[in-house]
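Trainee: Sequence first, then the predicted structure:
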Amino acid sequence: MRSKTIKEGLERLPHRALLYATGISKSEMGKPFIGVATSFTDLIPGHVGMRDLERFIEKGVHTGGGYPFFFGVPGVCDGIAMGHKGMHYSLASRELIADMVETVAQAHQLDGLVLLTNCDKITPGMLMAAGRINIPSIVVTAGPMLSGRLHGRRLSLVNDTFEAIGKYKKGLIKEEELEELEMCACPGAGSCQGMYTANTMACVTEALGMSLQFCATALAVSSEKRRIAFESGRRIVALVKKNITPRKIMNMKAFENAVRVDMALGGSTNTVLHIPAIAHDVGINLPLAKFDELSRTSPHIADMLPGGVHYLEDLHYAGGIPAVLKRLRDRINNNITVSGKKVFDIADKAAINDEEVIRPLNKPHQKEGGIAIMKGNLAPGGCVVKQSAVSGKMMKFEGSAIVFNSEEDVMKAILAGKVKSGHVVVIRYEGPKGGPGMREMLSPTSAIAGMGLSESVALITDGRFSGGTRGPCIGHISPEAMEGGLLAIVKAGDRIKIDIPERSLNVRLSQKVITERMKRWKRPLPKIKGGYLARYAKLVSSADEGAIMK
């Protein structure tokens, strides 16, 4: 056990004295020391129920023969941070979380980790740490929220609050309904109800083999989630005793499985940042091209919110991730998982309880997966679109650029009615360096959808999108404007052509015009000049590399 380093031998007498000061009994000192990294906070709906799950993890660790030590990890609620300067910190927090888990686990020489997480950047941050330090680890995602209810209709956060703003401005709903929606859309603990980033990452984690079966979809408030937490606590001790480490599970074949499941579910575009970042900390290069390659051969079989109609609870009752693996069995790899079972064992024993929620491969919603990787003169390094949330009418679109240098500016223009049919909204200087922090653009995309413009307006940015975004919204444009990408010289009125089937994004400018404009372009001053974000902007890589810090 690694923990022998801090608890055995004459020279460790002071260390033992400090450990006894925590309340540990002598009888427990010989057991594996299990760190439980918990991201409990009163600030995030997806995390407010974690105190309950902590108890069950603790019981499981003791039952398995280990001794648990809890330590806290911070989290950001993307929904609350959305649309203001707080969103600069969201993606950047992923690196802090990874560093914190690494620091605590290494400083105290823990034998294993249970990673209690749920929301957008916390889950990948913890997985990055697990891959980096490579000690036995298991992930417990705290589970999705129940759908809201209003007048007999089911509600979800994005479709019924963010998009309601645009509907109200358009006069489609009244002020009284706004108040009802904000009170009913989120009924309690759990991650937001659709296939937004938090739930996509939970599904990716289970598909990677890093959490137990049904962990991704079991509801936050359920006894089933408590049992999964208990079994995860018990299982980590077995993983320590057998020395089954994350790098033995998260190999290239596991990442391929995770991407296939992501594509089949129509998951969030943010996974194109997070999965490569996790792979990087495991020591694997996972290029953007791999996402597109797997997407082309992974039919979109689950019509999930925001682009579809089904909630996470629907996916769970239809059979969860094991049922999705069953559908994809002939296209996935037979890897080991933290459960001790191999992927094929899980898939073969799974039951598909609803043929409409998890469709057969020969009856998909789309022949390709949820995400497409595009290139062109605007994005030679690549860019990302959630094609499963784009209507057939908008898969090919050409329009006139209307250009903004920040999210705040575009929101004012949308709500003032300045964005009209036929526009391609360009938001630049919102990339990893330019933002800094690559803010999510859920507020403008939701406002566009709410005002009924998602069938006639496209949006492109070097920023990123929430998993809740729908419509022809293309993000992660690389290189970003702050690095001198072509996005920096686009002007109002330029014609931009989007062709998702052909995977192309181009501005119709001659090479002569491009050269002249680039000669006149000057890099703007950083938006944030001090603190963590200033350091982050200097170290962060491009979006096509996963926005990792180098």
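Mentor: Cool, the structure landed. Numbers count the residues shown, from 1 in each chain.

Trainee: switch to C-alpha atoms for all contacts and neighbour counts from now on
Mentor: Fine.

Trainee: need the strands for the stretch 401-550 of the chain, in chain order.
Mentor: 423-427, 458-461, 473-478, 495-499, 504-507 (DSSP state E, counting those that start in this stretch).

Trainee: Check the chain too.
Mentor: Using DSSP state E, the strands assigned to the chain run over residues 33-38, 67-72, 112-117, 137-141, 148-150, 153-155, 371-374, 382-386, 396-404, 423-427, 458-461, 473-478, 495-499, 504-507.

Trainee: Pick the most deeply packed of the ones you listed.
Mentor: strand 137-141 (a mean of 31; mean count of other C-alpha atoms under 10 Å).

Trainee: Quick check: neighbours of that one in the sheet, parallel or antiparallel?
Mentor: Neighbouring strands of strand 137-141 in its sheet, by DSSP bridges, are strand 112-117 (parallel).

Trainee: Now do the strand it pairs with against strand 67-72, angle only.
Mentor: 40 degrees (axes from the mean of the first three to the mean of the last three C-alpha atoms, to 10 degrees).

Trainee: orientation of strand 112-117 relative to strand 33-38 in degrees?
Mentor: Using the same axes, to 10 degrees: strand 112-117 against strand 33-38 is 10 degrees.

Trainee: so how far is residue 49 from the spatially most central residue of the chain?
Mentor: Residue closest to the mean C-alpha point of the chain, counted by C-alpha atoms, centre = their mean, is residue 197 at 3.6 Å. Counting by C-alpha to C-alpha, to the nearest Å, the gap from residue 197 to residue 49 is 19 Å.

Trainee: who wins for proximity to residue 189 among the strands of the chain?
Mentor: When these are compared by C-alpha to C-alpha, strand 148-150 sits nearest residue 189, at 11.6 Å.

Trainee: picking that back up, between the strands of the chain, which gets nearest to residue 215?
Mentor: Minimum separation from residue 215 across the strands of the chain (C-alpha to C-alpha) falls at strand 137-141, 6.4 Å.

Trainee: Name the residues that touch that closest one?
Mentor: The contact list for strand 137-141, computed with C-alpha atoms under 8 Å, 6 or more residues apart in numbering, reads 112-118, 123, 130, 202, 205, 210-212, 215-216, 228-229, 232, 236, 239, 245-246, 338.

Trainee: rounded to a whole number, what's the mean pLDDT of that strand?
Mentor: When pLDDT is averaged along strand 137-141, the result is 99.

Trainee: cool, stretch 336-347 as well?
Mentor: 98.

Trainee: start the count at 20, not 1, going forward
Mentor: OK, 20 is where the count begins now, so the last one is stretch 355-366.

Trainee: neighbours of residue 46, just the number please.
Mentor: Neighbourhood size, residue 46 [other C-alpha atoms under 10 Å]: 7.

Trainee: ah, wrong one, I meant residue 304
Mentor: For residue 304, using other C-alpha under 10 Å, the count is 14.

Trainee: Could you do residue 242 as well?
Mentor: Neighbourhood size, residue 242 [other C-alpha under 10 Å]: 12.

Trainee: Check what pLDDT it gets.
Mentor: 98.

Trainee: Equivalent analysis for residue 460, please.
Mentor: On the pLDDT scale, residue 460 gets 89.

Trainee: Then residue 382?
Mentor: 98.

Trainee: for it, what are its contacts?
Mentor: Taking C-alpha under 8 Å, 6+ apart, we find residue 382 in contact with residue 320.

Trainee: Ok, residue 90 next?
Mentor: Residue 90 neighbours (C-alpha under 8 Å, 6+ apart): 54-57.

Trainee: Pick out whichever of the residues you listed sits closest to residue 41.
Mentor: residue 54 (14.0 Å).

Trainee: and the closest one, what does it touch?
Mentor: 87-90, 124, 129-133.

Trainee: of all the residues you listed, which two lie farthest apart?
Mentor: Greatest spacing in the contacts of residue 54, by C-alpha to C-alpha: 90 and 130 (14.4 Å).

Trainee: I'd guessed residue 405 sits against residue 285; true?
Mentor: Yes. Using C-alpha atoms under 8 Å, residue 405 and residue 285 qualify as a contacting pair, with a distance of 7.3 Å.

Trainee: who touches both of those two?
Mentor: 389-390.

Trainee: Next one: the nearest residue to residue 515 once chain neighbours are set aside from residue 442, what distance?
Mentor: Spatial nearest neighbour of residue 515, excluding adjacent residues (C-alpha to C-alpha, 6 or more residues apart in numbering): residue 526 at 4.4 Å. Computed as C-alpha to C-alpha, the residue 526 to residue 442 distance reads 13 Å.

Trainee: Could you do residue 227 as well?
Mentor: Residue 227 is 40 Å from residue 442, by C-alpha to C-alpha.

Trainee: With residue 57 instead?
Mentor: Applying C-alpha to C-alpha to residue 57 and residue 442 gives a distance of 45 Å.

Trainee: Check residue 88 too.
Mentor: 54 Å.

Trainee: Can you get me a residue count around the closest residue in space to residue 243 that isn't next to it in sequence?
Mentor: The shortest distance from residue 243 to any non-neighbouring residue, by C-alpha to C-alpha, 6+ apart, is to residue 237 (6.5 Å). If you count neighbours by other C-alpha under 10 Å, residue 237 ends up with 25.

Trainee: Could you double-check that residue 237 sits in contact with residue 162?
Mentor: Yes. Using C-alpha under 8 Å, residue 237 makes contact with residue 162 at a distance of 5.7 Å.

Trainee: can you list residues touching both of these two?
Mentor: residue 244.

Trainee: Tell me what residue 418 is bridged to.
Mentor: Here residue 418, judged by DSSP bridges, has bridge partners residue 515.
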